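**Q** Sequence plus predicted model, see below.
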Amino acid sequence: MLIFSLANLHKFLIMISENEYAPFYSGYIKPIIANGKYIVENLKDYQQEFDGVLRKVDKDKFNYSYKPNKWTIKEVIQHLIDAERVFAYRALCFARNEGVDLPGFNQDEYVLNSFAKERDYYFLLNEMATLRVSTAQMYLSFTEEALLRKGKASGNILSVRAIGYLLSGHQRHHLNVLRKYYL
């Protein structure tokens, strides 16, 4: 069971401007903002939906790929874990005013070197759930001022709050892909 403290949600402003993120992230962020929920509510809700769907997957599909050179379900879960860690780190750096440009990361190399296919499927799901609780707790700790701070990663400007919405949007995107091609 996931544990989230939804106290102090007033700190999490829903409206964000397009100058808080690169256009590339628009497809992840705009649908999440449109639902009218706060960052932490989205983090909780999308994780619960993701976990609920993926815990029903048949064992024979865990390492299935719908096409050559496409990720397996396990690799998609690992990718979400890795991306959440990278983006949570970026949010923390920006919130704390670190002031340095952060590098990008090569998602394909991360997946290739993750050995996700050899990992236990349910362990991956549990790791994602635990990580999401940690991310939500981090966001609950941020002040309004910290949420508005921006930094640069992969050459793109991102605000702390844009990252919060991006995390849910990224998970939503991959769940939609999994539903379309795998489930």
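**A** Great, that's in hand. Numbering: from 1, shown residues only.
**Q** what helices or strands is the helix or strand of the chain with the lowest mean pLDDT leaning on?
**A** Here the helix or strand of the chain ranked lowest by mean pLDDT, DSSP states H and E is helix 144-148, holding a mean of 93. Applying 3 or more C-beta pairs under 8 Å, 6 or more residues apart in numbering; DSSP states H and E, we find helix 144-148 packed against helix 160-181. Heads up, the C-betas are built off the backbone N, CA and C, glycines and all.
**Q** Output the helix it packs on as CSV, nothing but the C-alphas.
**A** Presented in CSV, the C-alpha positions along helix 160-181 are these (Å, rounded to 0.1, in the frame of the first residue of the first chain):
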residue,chain,number,x,y,z
VAL,A,160,10.7,22.4,-10.2
ARG,A,161,7.0,22.3,-10.5
ALA,A,162,7.1,21.5,-14.3
ILE,A,163,9.2,18.5,-13.3
GLY,A,164,6.5,17.4,-10.9
TYR,A,165,3.9,17.4,-13.6
LEU,A,166,6.3,15.9,-16.1
LEU,A,167,6.9,12.8,-13.9
SER,A,168,3.2,11.9,-13.9
GLY,A,169,2.9,12.7,-17.6
HIS,A,170,5.9,10.5,-18.5
GLN,A,171,4.4,7.6,-16.5
ARG,A,172,1.0,8.2,-18.2
HIS,A,173,2.6,8.2,-21.6
HIS,A,174,4.3,4.9,-21.0
LEU,A,175,1.2,3.3,-19.5
ASN,A,176,-0.7,4.3,-22.6
VAL,A,177,2.0,2.7,-24.8
LEU,A,178,1.9,-0.5,-22.7
ARG,A,179,-1.9,-0.6,-23.0
LYS,A,180,-1.8,-0.1,-26.8
TYR,A,181,1.0,-2.5,-27.7
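**Q** Check what pLDDT the residue in the chain sticking out farthest from the centre gets.
**A** Relative to the mean C-alpha coordinate of the chain, counting by C-alpha atoms, centre = their mean, the farthest residue is residue 60 (26.0 Å). According to the predicted model, the pLDDT of residue 60 comes to 95.
**Q** before we move on, what about residue 7?
**A** In the prediction, the pLDDT value recorded for residue 7 is 48.
**Q** quick one: residue 97 from residue 90, how far?
**A** Using C-beta to C-beta, to the nearest Å, we find residue 97 at a distance of 13 Å from residue 90.
**Q** higher neighbour count, those two?
**A** Neighbour totals were compared for residue 97 and residue 90, and residue 90 leads with 20 against 10 (other C-beta atoms under 10 Å).
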